[in-house]
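S.K.: Sequence first, then the predicted structure, then my questions.
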Amino acid sequence: MDEKIIVYEHMSNGSLDKYLKDANLTWTKRLKICIDVASGLVFLHHSDAILKKVVHRDIKSSSILLNDDWKAKISNMELSSLDLLHQDMGHVNDNAYATLGYLDPQYKQGFLTEKSDIYSFGVVLFEILCGRLAWAEDCKDHTQSLGPLAKRCYEEGNVAKTVFVGIKEQISPESLAIFMDIAYQCLHDKREERPTACEVVIQLKKALDAQKDYEIWVVQLPENFKEIIQMSKTPEIFATSRGKDLYDTLSKGILIEEGQVLSTP
């Protein structure tokens, strides 16, 4: 009947937004999902003699679908455009609060570019880290949504305090630092200062490698290693230690602050 439809493969785990507050979605799984999405953006934003550059224009956690193995794919291509120069903002639902939480602050210039997708993805990165949607029920305007809030927290050095409690203990300090840095860069006010999708993939893979290294060694540490560190004379030096470095240091022994007693079962 001349009706146009978009057909997707069935993604049994549904959309990402349903799992932001699910502690069963581990930090490692979350990093892999981020890499999948960033890789999808690399494909969309790539331009050559055969493939034209595609701007998605509606990147948000509900547009990211997950299969049985938690592999992620980008959906909701209805607003996508091949025309980079004249993308009419009339096609974007400005009245949808869920969309406004991800929208490039420079959208008022009248068009969206691939760097607008990067901004939206930066918001998604912080959603994944903080375990909450970009637009909370008490938000009155864009300045109160997660993007601007995360930027302020980063600049004040408080982002770590907003990490979702369900995954906070799993994350290696190095992985967290790399992730926060690239997520913050994605939210830069100036489009030209935001990273490309390729650059985001590189940094996210570094964050995943750091996390894997941490997990390999942290399982070999004593169960109460955090308690031991807090009792040391200089606990702050361990804050950025990688898994193997931490393991090697504790294996050699550390100085316990005078008057501290470690109780064992």
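M.R.: The structure has been received and is ready for your questions. Residues are numbered from 1 along each chain as shown.
S.K.: And the pLDDT at the closest residue to residue 166 other than its chain neighbours?
M.R.: Closest residue to residue 166 apart from its sequence neighbours, by C-beta to C-beta, 6 or more residues apart in numbering: residue 23 at 3.0 Å. For every residue, glycine as well, the C-beta is placed using N, CA and C. With respect to pLDDT, residue 23 has a value of 96.
S.K.: go on, residue 81?
M.R.: At residue 81 the predicted local confidence, pLDDT, stands at 74.
S.K.: Dig out what it forms beta bridges with.
M.R.: In this structure, residue 81 has the following beta-bridge partners (DSSP bridges): residue 55.
S.K.: what's the closest non-adjacent residue to residue 200?
M.R.: residue 38 (4.6 Å).
S.K.: Could you verify that that neighbour is part of a helix?
M.R.: Yes - note on residue 38: a helix contains this position according to DSSP: H, G, I helix; E, B strand; the rest coil.
S.K.: tell me, how many neighbours does it end up with?
M.R.: Using other C-beta atoms under 10 Å, residue 38 is surrounded by 27 other residues.
S.K.: Roughly how far does it sit from residue 59?
M.R.: Using C-beta to C-beta, to the nearest Å, one obtains 11 Å as the distance from residue 38 to residue 59.
S.K.: Give me the common contacts of the two.
M.R.: In terms of C-beta atoms under 8 Å, 6 or more residues apart in numbering, residue 38 and residue 59 are both contacted by the residues residue 121.
S.K.: that older thread, ok, the residue nearest to residue 166 touching residue 169?
M.R.: No - because the distance of 10.1 Å does not satisfy C-beta atoms under 8 Å, residue 23 is recorded as not touching residue 169.
S.K.: pretty sure residue 191 is touching residue 107, no?
M.R.: No - using C-beta under 8 Å, residue 191 is not in contact with residue 107, being 10.6 Å away.
S.K.: Quick check: neighbours shared by these two?
M.R.: Between them, residue 191 and residue 107 share the contacting residues residue 116, judged by C-beta under 8 Å, 6+ apart.
S.K.: Okay, strands next: where are they in the stretch 51-200 of the chain?
M.R.: In the stretch 51-200 of the chain, the strands defined using DSSP state E, counting those that start in this stretch lie at 64-66, 72-74.
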